[in-house]
Structures are given as C-alpha cells and as structure tokens.
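Asks: Let me see the structure of the following:
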Amino acid sequence: MKDNRLTNRFAHDAALEKHPAAPAVKGIFFDVDDTLYDHLPPFTKAVQDVLQLGEAFPYEAAYRRMRHYSDVLSEQMGGAGALEAGAVTELMRTRRFQLALGEFDVALTNEQAAAIQAAYIGCQYDIIMFPGAKAMLERLVKAGYIVGLITNGAGAHQRRKIEAMDIDDLIPRGRQFISGEVGWDKPDPRIFKLVNERTGTLPENSIYIGDSWNNDVVGALQAGWTSIWFNHRQVQPLTEHAPAYIMSGYADLQEQLVKMGVLPE
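Replies: Now for the predicted structure:
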C-alpha cells in the first residue's frame, strides 16, 4: 500500500500544478460491477460448481480475463445497442469463459461453458456490497453531492443488480445510467457527456470511481472528468493515462475524499 500512497501523492501534486483552481466537486459517480460489490464470488462459485477445479485454481486471475473478454466480445457485437436489443448471442455468453479459462489450460466444451454461464447468472444477484460502500454513498448524499451510477450492460440485467443492493433511496433512478438503456458503452465519452447533461454537472466538477482501467479510468479522463481508480485487485495500468488517485478499498477512498475536502473529517 506504500507504493499506492506515493503514486496517489505524486498524481495529486501533478494535478494541482496542472489545474491550480479546479472547480469544487459537484457530482460523484460510481461504477457498479466490482466497484460497489465484489464480482468475484459468483464467478468462483459458477466455475467450482461445474468444473470442481479446487481451491488452488487462480480464480481471481481467470475472472480478470473473463471481464476482459466480455468487454472485447461486447464491442465486437455492437456494444450497448446490441446488448439491449437482445443480440448478445450464446457465442458471447459462453465464448468469454472458453477464452478466459483457456489461458489457464482449461479447455471448455460448449456445453461446459453454457453450464458455467447459467450457474454464473443464477448466483450473480446474490450481492454483498464491499465493506464501507453503502456508508460511503450515504455520506456523500448527506453532504449534498449529486451521486450516481454509470454501468455497462443490458438494462434489465444491471437493474436487477442495483435493486439487489437496495440503494434506490440513495441514488434515484434518474441518476442510474446503464449503457444498454442510454445507447453508449463506457469508455465512449458520450455516456459521460449525457450524465453531465442530465444531472446538471460539468466535466470539471465531476468525479468517476471505477475498477476497470479501460472503461472507467480511460473513459472518465477522455471525457474530462477526474478519475479515481478503484484498484482493489492491484492490477497494472494498461496505458499511459493517469488517474488522479488510486484506491484499494473504501477506507482508503474515504481518507482521500477527506483530504480533498469532499468529505468532512
């Protein structure tokens, strides 16, 4: 964690030099999958139920590759519009598991991949938010910020996850932006622009917090937002983009928001 703090400090210093009079924060928006709740347990359970690979298998590394292939295949199939139109075929649903697990010498038949997908969906709505996540939303709402969600995926699928977290009282539906409903996937800057337009915020006073380097960090920065990378899995950056801060959990995030003056001590 020492290295992350140094990275955060240097990034913060550089940001202050570049933007010495940045506008006060007005909007704070979060990713959903693997940012507000842990996406790894349903993946692990699905793979274990179908393949019985044992506890020694590198589930977290395989999960990261599955997420990568989900993004790649979704983009190849037309992004958010295709997702919402129901054009996500069995190829995407099963192929992502075949590609990801194949990197770990596990060759899946189509039947096995379909069984994992079914098991994955079956337990994906048993959601437990990360420790401190809901309390963080509550504090930000109480402090008067515009708090919202920006998430990729089909509308009905993502809404079930949001409903499972029971946060509609904190984040009304008008501030829940799902790519399959609005027509653009992160990292497309147009989804961030739409969020600004609908919430009365500006890029320069908006913060986005998410775990995905390409979708969340790159997407937010390209839209002119402040990016906070929720890097709880301690992965490496994929490009030269520089998020303002790198956080490993909600305790770190709260500490940083206090330092920024967003939250009181």
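Asks: Spit out the contact partners of the spatially closest residue to Met247 that is not a sequence neighbour.
Replies: Once flanking residues are discounted, Met247 sits nearest to Leu253: 4.5 Å by Cβ to Cβ, 6 or more residues apart in numbering. C-beta: built from backbone N, CA, C; applies to glycine. Contacts here follow Cβ atoms under 8 Å, 6 or more residues apart in numbering; on that basis Leu253 touches Gly132, Met136, Ile209, Ile228, Phe230, Met247.
Asks: mind listing the strands for the protein?
Replies: All strands of the chain, identified by DSSP state E, fall at 27-30, 146-151, 176-178, 206-210, 226-230, 245-247.
Asks: JSON lines please, covering the ones you listed and showing mean pLDDT and distance to Gln236.
Replies: As requested, the strands of the chain are exported to JSON lines (pLDDT from 0 to 100; distance: least, Cβ to Cβ, whole Å):
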{"stretch": "strand 27-30", "mean pLDDT": "98", "distance to Gln236": "22"}
{"stretch": "strand 146-151", "mean pLDDT": "98", "distance to Gln236": "24"}
{"stretch": "strand 176-178", "mean pLDDT": "98", "distance to Gln236": "28"}
{"stretch": "strand 206-210", "mean pLDDT": "98", "distance to Gln236": "16"}
{"stretch": "strand 226-230", "mean pLDDT": "98", "distance to Gln236": "11"}
{"stretch": "strand 245-247", "mean pLDDT": "97", "distance to Gln236": "11"}
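Asks: quick revisit: list just the nearest of the contacts of Leu253 to Arg67.
Replies: When the contacts of Leu253 are ranked by distance to Arg67 (Cβ to Cβ), Phe230 comes first, at 13.7 Å.
Asks: re earlier: let me have the contacts of Leu253 in a markdown table, extended by distance to Val72 and neighbour count.
Replies: Formatted as a markdown table, the contacts of Leu253 follow (distance: Cβ to Cβ, whole Å; neighbours: other Cβ atoms under 10 Å):
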| residue | distance to Val72 | neighbour count |
| --- | --- | --- |
| Gly132 | 32 | 15 |
| Met136 | 31 | 22 |
| Ile209 | 23 | 24 |
| Ile228 | 25 | 26 |
| Phe230 | 21 | 28 |
| Met247 | 26 | 22 |
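Asks: To what extent is Gly249 buried, counted in neighbours?
Replies: 15 (other Cβ atoms under 10 Å).
Asks: Just the CA trace of stretch 251-262, in PDB.
Replies: Only the C-alpha atoms of stretch 251-262 are listed here, as PDB (Å, rounded to 0.1, in the frame of the first residue of the first chain):
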ATOM      1  CA  ALA A 251     -11.300   3.000   3.800                       C
ATOM      2  CA  ASP A 252      -8.600   4.400   1.500                       C
ATOM      3  CA  LEU A 253     -11.300   6.200  -0.600                       C
ATOM      4  CA  GLN A 254     -12.800   7.900   2.400                       C
ATOM      5  CA  GLU A 255      -9.400   9.000   3.600                       C
ATOM      6  CA  GLN A 256      -8.700  10.500   0.200                       C
ATOM      7  CA  LEU A 257     -12.000  12.300  -0.100                       C
ATOM      8  CA  VAL A 258     -11.400  13.900   3.300                       C
ATOM      9  CA  LYS A 259      -8.000  15.100   2.100                       C
ATOM     10  CA  MET A 260      -9.600  16.500  -1.000                       C
ATOM     11  CA  GLY A 261     -12.200  18.400   1.100                       C
ATOM     12  CA  VAL A 262     -15.000  16.400  -0.400                       C
END
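Asks: pLDDT weak spots in the stretch 1-150 of the chain?
Replies: Along the stretch 1-150 of the chain, the parts satisfying pLDDT under 70 run over 1-23, 77-91.
Asks: Tell me where it has helices.
Replies: Per DSSP state H, counting those that start in this stretch, the stretch 1-150 of the chain carries helices over the ranges 2-18, 40-51, 59-76, 79-84, 90-102, 110-123, 133-142.
Asks: Can you give me the distance of Arg233 to Leu170?
Replies: Distance, Arg233 to Leu170, using Cβ to Cβ, to the nearest Å: 25 Å.
Asks: Repeat that for His39.
Replies: Distance of His39 to Leu170, given as Cβ to Cβ: 20 Å.
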